[in-house]
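>>> here's my sequence, what's the structure:
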Amino acid sequence: MAATDTNPIAAPTDLAAHYAAITGTGSMALRILAPILACLAVGLAVTGLGAALGDYPDNVLKQVGVFIIAAVSLNIVNGFTGQFSMGHAGFMAVGGYVAAGVSYYASLLYFGTAQAQDGLLTMGHVFMSLGVVVGACAAAGMGYLVGLPSLRLRGDYLAIVTLGFGEIVRVILQQTSPQVNAADPAQLQALRDAPFSTLITLPFNGPLGFEAIPRYANNAWVWAVAAATCVVAYRVKTSSSGRAFLSIREDEIAARSMGINLTRYKVRAFVLAAFFAGVAGGLLAHIGVPLSPVDAGFQRSFEIIIMVVLGGLGSISGAVLAAVLLTVIPELLRDLQQYRLILYALLLILVMLLRPQGLFGVREIWDLWSAKRPTTPPVTPPNSPPNSPPAEPAP
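Residues are numbered from 1 along each chain as shown. Here you go, the predicted structure:
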């Protein structure tokens, strides 16, 4: 008769391993779910705030969320890797026009109208989400095509190339064909009969701008995506790729000597930044802001660059705070119509004179708080020799 295993030590060991496996799985699920729930909570909180403040502040909050996405994404290139891209508005325009085209023409084909449909989650929201994803992927693809050859350059030369990309996008958008009018039955029928031949001509309304885009993006959508962008940027910053980005920013020669592929990591940062720029452009198109080819020009790029520099190159929380300030302050000064731009410029000059490294420098806001906490001085044990090192304080 076979002997049974009655080892009293094996059972507790197996139980401990089983408990460790359960807790490890639970902690991993918590690490995945906690950021998602936090992003949704941010979106719902800002939605409630906008509803309490009124329509106009609600629209301003939407624009703040969009520019937070744009500033944080540009910070990946200009802040983390130390490059100088001036074509971020071009990627926003690519993502915005593609997302608006998908949403607008899908609504025409499915609903017969471009008006936003009522409801918490409708097919219109599905079209918007699909359009934002497609637009972001299109912007990322353009980022790869532009970044692969141009990121071998540095400094002013890279800035000139990326600035030229934005101007190329602006000129192409100005040459697009007229927009299909949803109120014209003949044009709508022509779109239904031959959708591919109609859409292949890029009917984005040329220099007049793309209008009548359904407004599906409320503060819940915009701020949830903005919070997700900040989470992704922070996790990238603290990852091995993020440390490679920061090493490239500090010293490219030393980074190369440590075996870091400069071109690969620069292109990776450029593509990631272009992807989220496309997301920002897609959401901007769906909050009621008409798209125009001028949005791909250098002025919009300069506005986003100012946000990144003002917040501090490499600081995610600094880019968020700067995006909030530089979007809200012009609205607060709107009553001073004659002096608004002068006061706005003076405020920027004063901040850059007093804080040339930006609001937070390369740190995050919580790093500044932890740096101010008092530290425990080292303790010298009694009866120790004069030259002995002090003992470490107890945790």
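>>> rest of the way, CA atoms for contacts and neighbours
Fine.
>>> and the residue nearest the centre of the chain, what helix or strand is that in?
Ranked by distance to the mean C-alpha position of the chain (Cα atoms, centre = their mean), the top residue is residue 69 at 3.2 Å. Using DSSP states H and E, the element containing residue 69 is helix 55-75.
>>> for residue 46, grab the count of nearby residues.
Neighbourhood size, residue 46 [other Cα atoms under 10 Å]: 21.
>>> pLDDT score assigned to residue 388?
You'll see residue 388 listed with a pLDDT of 52.
>>> that older thread, now the helix holding residue 69: mean pLDDT?
Predicted confidence along helix 55-75 averages 94 (mean pLDDT).
>>> what is that helix packed up against?
Taking 3 or more Cα pairs under 8 Å, 6 or more residues apart in numbering; DSSP states H and E as contact, the helices and strands that helix 55-75 lies on are helix 10-53, helix 219-237, helix 262-285, helix 298-311, helix 316-332.
>>> as TSV, those helices with distance to residue 73 would be great.
Formatted as TSV, the helices and strands packed on helix 55-75 follow (distance: least, Cα to Cα, whole Å):
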stretch	distance to residue 73
helix 10-53	17
helix 219-237	8
helix 262-285	5
helix 298-311	9
helix 316-332	9
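>>> return the most buried member of those.
Most buried of those by mean neighbour count (mean count of other Cα atoms under 10 Å) is helix 262-285; its value is a mean of 27.
>>> between the helices and strands packed on helix 55-75, which one is closest to residue 357.
Between residue 357 and those, the shortest gap by Cα to Cα is with helix 298-311, which sits at 7.8 Å.
>>> what lies in contact with that closest one?
Residues lying outside helix 298-311 but in contact with it, judged by Cα atoms under 8 Å, 6 or more residues apart in numbering, are 67, 70-72, 74-75, 78-79, 86-90, 163, 166-167, 317-323, 326, 351-352, 357-361.
>>> ok, of the residues you listed, which come out buried?
67, 70-72, 74-75, 78-79, 86-90, 163, 166-167, 317-323, 326, 357-361 (16 or more other Cα atoms under 10 Å).
>>> what mean pLDDT does whichever helix or strand residue 353 is part of get?
Assigned by DSSP H and E, residue 353 belongs to helix 340-354. Helix 340-354 shows a mean pLDDT of 80 in the predicted model.
>>> just for the stretch 251-395 of the chain, where's the confidence low?
Applying pLDDT under 70 to the stretch 251-395 of the chain flags the ranges 337, 368-395.
>>> what about dumping the CA coordinates of the helix holding residue 69 to PDB?
The C-alpha trace of helix 55-75 is given here as PDB (Å, rounded to 0.1, in the frame of the first residue of the first chain):
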ATOM      1  CA  ASP A  55     -21.800  77.100 -21.000                       C
ATOM      2  CA  TYR A  56     -19.000  79.500 -21.600                       C
ATOM      3  CA  PRO A  57     -16.700  78.200 -18.800                       C
ATOM      4  CA  ASP A  58     -17.600  74.700 -19.900                       C
ATOM      5  CA  ASN A  59     -16.300  75.400 -23.400                       C
ATOM      6  CA  VAL A  60     -13.100  76.900 -21.900                       C
ATOM      7  CA  LEU A  61     -12.600  73.800 -19.800                       C
ATOM      8  CA  LYS A  62     -12.800  71.700 -23.000                       C
ATOM      9  CA  GLN A  63     -10.100  73.800 -24.700                       C
ATOM     10  CA  VAL A  64      -7.900  73.500 -21.500                       C
ATOM     11  CA  GLY A  65      -8.100  69.700 -21.600                       C
ATOM     12  CA  VAL A  66      -7.200  69.600 -25.300                       C
ATOM     13  CA  PHE A  67      -4.200  71.900 -24.800                       C
ATOM     14  CA  ILE A  68      -3.100  69.800 -21.800                       C
ATOM     15  CA  ILE A  69      -2.900  66.800 -24.200                       C
ATOM     16  CA  ALA A  70      -1.000  68.900 -26.800                       C
ATOM     17  CA  ALA A  71       1.500  70.300 -24.300                       C
ATOM     18  CA  VAL A  72       2.200  67.000 -22.500                       C
ATOM     19  CA  SER A  73       2.700  65.300 -25.800                       C
ATOM     20  CA  LEU A  74       5.100  67.900 -27.100                       C
ATOM     21  CA  ASN A  75       7.000  67.700 -23.800                       C
END
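>>> what angle separates that helix from helix 262-285?
170 degrees (axes from the mean of the first three to the mean of the last three Cα atoms, to 10 degrees).
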